[in-house]
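Enquirer: any chance you can model this:
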Amino acid sequence: MFSVGTRCFYWNAKGQVVYGTVQNAIRSMAGEPIVTLRTDGGATVHFPQCNVTKVGGDYPRETADSSERLQKRS
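Expert: Have a look, this model is predicted:
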């Protein structure tokens with residue numbers, strides 16, 4: 001299960017990559033991991049963990065713009 005603070009991304013309905021940070025991670029009654037993300041745009045979203053991907057490796061990297069927005073909020 002992803003830890004709080006893990007940087008993740010998902011693709012929205014328009015096919016755009018949305019970055020966020022895990023704020024909470026729980027298991028559903030069926031045992032499925034559910035994560036709560038705070039997007040870089042400020043929205044709070046909830047997804048099964050299988051719908052989000054950790055940032056890094058061969059996956060889309062954060063842009064300087066998304067990192068700067070996150071730092072400004074801190």
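
Enquirer: shaky segments in the protein?
Expert: 57-74 (pLDDT under 70).

Enquirer: which strand runs longest in it?
Expert: Scanning the chain for the strand with the most residues, using DSSP state E, yields strand 17-27.

Enquirer: how far does the following helix or strand past that strand sit from its chain's centre?
Expert: Using DSSP states H and E, the next helix or strand after strand 17-27 towards the C-terminus is strand 33-39. Here the centre of strand 33-39 is set off from its chain's centre by 6 Å, with CA atoms, centre = their mean, to the nearest Å.

Enquirer: coming back round to it: and the longest strand of the chain, which strands flank it?
Expert: Each strand that pairs with strand 17-27, with its direction, by DSSP bridges: strand 7-11 (antiparallel), strand 33-39 (antiparallel).

Enquirer: can you put these in JSON lines and add distance to residue 54?
Expert: (C-beta placed from N, C-alpha, C; glycine too.) Formatted as JSON lines, those follow (distance: least, CB to CB, whole Å):
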{"stretch": "strand 7-11", "distance to residue 54": "6"}
{"stretch": "strand 33-39", "distance to residue 54": "11"}
